[in-house]
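In: Just a sequence and a predicted model for now, questions to come.
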Amino acid sequence: PHRHLNSLYGNEGVLPARWQLRVSGKSVVEQLKDSPMLLWFGPRLGLDTQQCMELLSLTGALLSLLTLALPVLRDCRVFLVLWILYLFLYQVQTQFTQDNLLLETGFLAILIAPMKMPWSSKVRLHDSVTFWLARWLLFRLMFVSGVVKLTSRCPTWWGLTALTYHYETQCIPTPLAWFAHQLPVWLQKLSVVGTFVIEIAVPFMFFSPIRRHRLAAFYMQVLLQVLIILSGNYNFFNILTITLCLSLLDDQHVDFWLRRPTPKTESTSLQTLLSGLAVMLEIGTYALLGYWTIKYFDLQVDWENKSVSSKTAFTYFEFNGFLKTVTVPSIWTGVLSLTWEIISSMFKCACVRGVLWRLWSTIQWAVMAAATVSMFAISLVPYTYFEYDAHRNLWPGVRTVFELTDRYQLVNSYGLFRRMTGVGGRPEVVIEGSMDRNTWTEIEFMYKPGNMSTAPPVVAPHQPRLDWQMWFAALGPHTQSPWFSSLLHRLLQGKRDVIRLIQTDESQYPFSKQPPAYLRAHRYKYWFSEPKEDGLYPQRWWRRVYVEEFYPMVHLGDSYLEQMLVQHGLKDKAPLRRSSNAWLTRLLHHVGEHAREMPAPLLLWTLFSSAATVCLLNSLRSRARHHQHESLQNIGCVCVCLGYIPSDGGDGCTWKSSIPWCTLVTLTLNRCWFNMV
C-alpha cells in the first residue's frame, strides 16, 4: 500500500530510499549499468525518490487490477511491465522486503501468458511447455521446504514437536492459532508427520503420468496451504502457492469445477487395459506411501487413550543418505517430464494445417522450449544447495549464467521454517515512551502481540512489514537490526508517516498530540494463555514475562542514539531537495492522503472484491452471449420444424416459408425471447 512506501522508504520514513540513491556525477546510462532502476529518471520528471517510488507503486497496482478485471490485458507484455516495476521497487526495499517467490512467479507469468497479435491463433500449442515451469517451481518450493527442516537438525522438527511451539511463535498468528495451540500433543506430532509427507514425498507425484496422482497431490497441497492461512498471517505467500498448485490440474478437472459439459468418448480395449493398470499403480503408490509413513515415523494406534503415537525412526545420517540417493533422480525426473512436454508439443505443431501456420507454430515452440530449458537449467543451482555432491557436479556454464541473472531474482532457493524459534517463549520487543522519565506508557502496534487482552488479528493478504520485522528484531540484539535506531529516532521526532505504521488511528497512539521526550525498549517472552479448568475461555489471549532491556533510554540528541545512527549510515548527509509543484506531484500527494485514511487490509480487500466483481460480470455477460447464440440455433431448429427452409442466399440468416402465419408467430416468439435474455 501507498502508506508503507512513505512510512518505510519515504523522505521521512524509517529507511529513506534516497539514502541508497546518492546524487553522483555519473550519467543516467552509467547509473543504470551500476544499478538498473527506473528511480534514476525521477529528477527528469520533477520527482524526488519518494514520489518516484509512489508513481511506480501506483502504476503497478492500477495495471494489476485492470489486468485482473479485463481479460484483454492478460498479455505477456503487460506482465513484463509489472515484473519490471516490482523488480525496481524490490531492489530498493531490501530491508523490509523478501518477495523472491513473487518475483520468480511474475517472471514465469511472462513466459506463460500469450502475446496477443492480430494474426495470432487463440490456441498456443507450446503452452504446456512453459506452464510446466510453474509445476517445477512448486516442486522446488515444497520439496526443499520439507528437506531443510530436517537438514537444519532442529530438535523440534526431529522430535515432531514443532507445531506445539509454532502457533504461538509465528510472526503474526490469527485467532484460530490460539485454538490450534490447545490441541493435544499427539495430534500436533501427527500433524508434523503429515507436513513431512506432503512436503517431501507428495511433490514427486507432481510429475506422475497418472492424472489422479496429480489431482491427489493438488488437493493435499491446497489443504496444507489453507490450514496455514487459517492459523497464520503470511500475506499473499500461501495464496500464491495455491496459484502455483493450479499447474497440477488439467482442463477436464477445471470443467468439472465449473460444471461445464465434457464430451464423452468411447474407450477402446487398449485404453481400458491401460486404465486398469493405472488404477493398480495408483493404489500401489498410496499403499507404499502409507507403509513408509508408518515405518519411518513409527505410527502406533493407542486404542485405550484414543490417540496415535509417533516418533522419528531414522537418523540424520540416514536422511542425508536418502538425499544423496534422491536428489539426482529428482533432477532427471524433471528432465524426463520436461522432455515429454516438449516432444508432445512439437508433434502438435507438426500437425497444424497450412504451411505458414505450421512454420509460425514451430518458431514459437522453438523459442519457448529454449527459454524453458534455460530456466530449468539455472534453477538447478539454487535447488541443489541442500546436497553438496549434486551441487558440485553441476555444469560450470550453468553456474555462470545463474550468477549473471541472480540480481534479477529469476530463480531462487527456498526453505520455509528451517528452524523453530521461540521454543522457550515467544520473544517480543515492547517500546515504551515517557515525557518525564518516571511515567512510562507502552506503544502498542496494530498487528504484533503487545496488549495481552487483544486478540490476534487477521490481516492477510496484507503484510504489515514493520510488525513483521519487529518479530525478527526480537530474536537478537538491536545491533542486528540497525533500522530500529532509525525507528526510535523518527518516533522522537513525531513523524506522522511512521506513526501511521504503528497505529492507523492516531487517537490510539498515546503520543499523538506531542512526541515522547524519551523512548526505551524491553524484551518480553510471550505465551498463549491456557483455557480455564471449567472449560471457559480466559479473558486474556497472552501471558508474558519480562526478560531484559532491549534498547536503552534515549532522547533527541542522545549520544548513544546519534552514535548508532552514524555507525549504520542512518543520518542525513545532505538537505532534503524540495519537490516541484507539478500536476503529477499534486496527484501523487492527493492519492496518498486518501490511501492513508483506510486500513491496509480493508483497502486490499476492497480492491480485490472490486476486481472480482468485474470478472464476475464479464463471466455472466459471456455466458449470456453463449445462451443467446444457442437460442438462435434453437430458433433455427424450430423454424425448420415449422416448414422453413434456407433462402437462396445460402447464408442461413434469411428464411422463407409457405406458411405465412408461422412467420409472424416465430418473429413474435423471437422478440420475446431476446427481451428475456
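Out: Cool, the structure landed.

In: Using the record, which stretches count as separate domains in the protein?
Out: Per the TED database, the domain ranges recorded for the chain read 98-408, 426-556.

In: so can I have TSV of those showing distance to Ser7 and mean neighbour count?
Out: C-beta: built from backbone N, CA, C; applies to glycine. Listed next are the domains of the chain as TSV, based on distance: least, Cβ to Cβ, whole Å; neighbours: other Cβ atoms under 10 Å:
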stretch	distance to Ser7	mean neighbour count
domain 98-408	17	16
domain 426-556	4	17
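
In: now the ones you listed as CSV including mean pLDDT?
Out: Shown next, in CSV, are these (pLDDT from 0 to 100):
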stretch, mean pLDDT
domain 98-408, 91
domain 426-556, 92
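
In: how many neighbours does the residue lying closest to Leu103 once chain neighbours are set aside have?
Out: In space, and not counting its chain neighbours, Leu103 is closest to Gln409: 4.1 Å by Cβ to Cβ, 6 or more residues apart in numbering. Residues within reach of Gln409, counting by other Cβ atoms under 10 Å, total 20.

In: From Gly354, how far out is Gln409?
Out: Distance, Gln409 to Gly354, by Cβ to Cβ, to the nearest Å: 40 Å.

In: quick revisit: in this structure the residue nearest to Leu103 contacts Leu87, no?
Out: Yes - the criterion here is Cβ atoms under 8 Å, and Gln409 meets it with Leu87 at 7.0 Å.

In: where do the contact lists of these two overlap?
Out: Leu103 (Cβ atoms under 8 Å, 6 or more residues apart in numbering).

In: Please name every helix or strand in contact with the biggest strand by length in the chain.
Out: Secondary structure of the chain per DSSP state E: the longest strand is strand 542-554. Counting contacts by 3 or more Cβ pairs under 8 Å, 6 or more residues apart in numbering; DSSP states H and E, strand 542-554 is packed against strand 426-434, helix 483-493, strand 518-528, helix 559-567.

In: looking at those, which is closest to Val14?
Out: Minimum separation from Val14 across the helices and strands packed on strand 542-554 (Cβ to Cβ) falls at helix 483-493, 5.2 Å.

In: what about the closest one, distance to the chain center?
Out: The chain centre lies 30 Å from the centre of helix 483-493; the measure is Cα atoms, centre = their mean, to the nearest Å.

In: what's the answer for stretch 187-207, then?
Out: How far stretch 187-207 lies from its chain's middle: 20 Å, per Cα atoms, centre = their mean.

In: Over to stretch 446-464?
Out: Put simply, stretch 446-464 sits 20 Å off its chain's centre (Cα atoms, centre = their mean).

In: Next: stretch 610-617.
Out: 21 Å.

In: quick one: contacts of that stretch?
Out: Residues contacting stretch 610-617 (Cβ under 8 Å, 6+ apart): 65, 68-70.

In: where along the protein do the strands fall?
Out: 300-302, 307-309, 426-434, 440-443, 518-528, 542-554, 645-646, 655-656.

In: Which among these is found nearest to Asn618?
Out: Judged by Cβ to Cβ, the one of the strands of the chain that comes nearest to Asn618 is strand 655-656, at 33.0 Å.

In: Relative to Arg419, how far out is His253?
Out: His253 sits 37 Å away from Arg419, taking Cβ to Cβ as the criterion.

In: Likewise for Tyr234?
Out: Counting by Cβ to Cβ - Tyr234 and Arg419 are separated by 17 Å.

In: For the stretch 1-150 of the chain, which segments count as helices?
Out: Ranges of helices within the stretch 1-150 of the chain are 2-4, 28-34, 49-69, 76-92, 100-112, 127-151, based on DSSP state H, counting those that start in this stretch.

In: cool, and the stretch 201-350 of the chain?
Out: So, for the stretch 201-350 of the chain - with DSSP H, counting those that start in this stretch - the helices run 211-231, 237-245, 251-257, 269-296, 316-350.

In: Output those as JSON lines; include the columns distance to Ser507.
Out: JSON lines is the format used below for the helices of the stretch 201-350 of the chain (distance: least, Cβ to Cβ, whole Å):
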{"stretch": "helix 211-231", "distance to Ser507": "31"}
{"stretch": "helix 237-245", "distance to Ser507": "32"}
{"stretch": "helix 251-257", "distance to Ser507": "46"}
{"stretch": "helix 269-296", "distance to Ser507": "54"}
{"stretch": "helix 316-350", "distance to Ser507": "54"}
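
In: wait, Glu12 sits on Lys495?
Out: Yes - look at Glu12 against Lys495 with Cβ under 8 Å: they come within range, at 4.9 Å.

In: Same list as before, the helices and strands packed on strand 542-554 that is, but in a markdown table and with distance to Val185 included.
Out: Converted to a markdown table, the helices and strands packed on strand 542-554 look like this (distance: least, Cβ to Cβ, whole Å):
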| stretch | distance to Val185 |
| --- | --- |
| strand 426-434 | 18 |
| helix 483-493 | 36 |
| strand 518-528 | 14 |
| helix 559-567 | 43 |
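
In: So which of these is nearest Asn100?
Out: Closest approach to Asn100 among these is made by helix 483-493 (19.9 Å; Cβ to Cβ).
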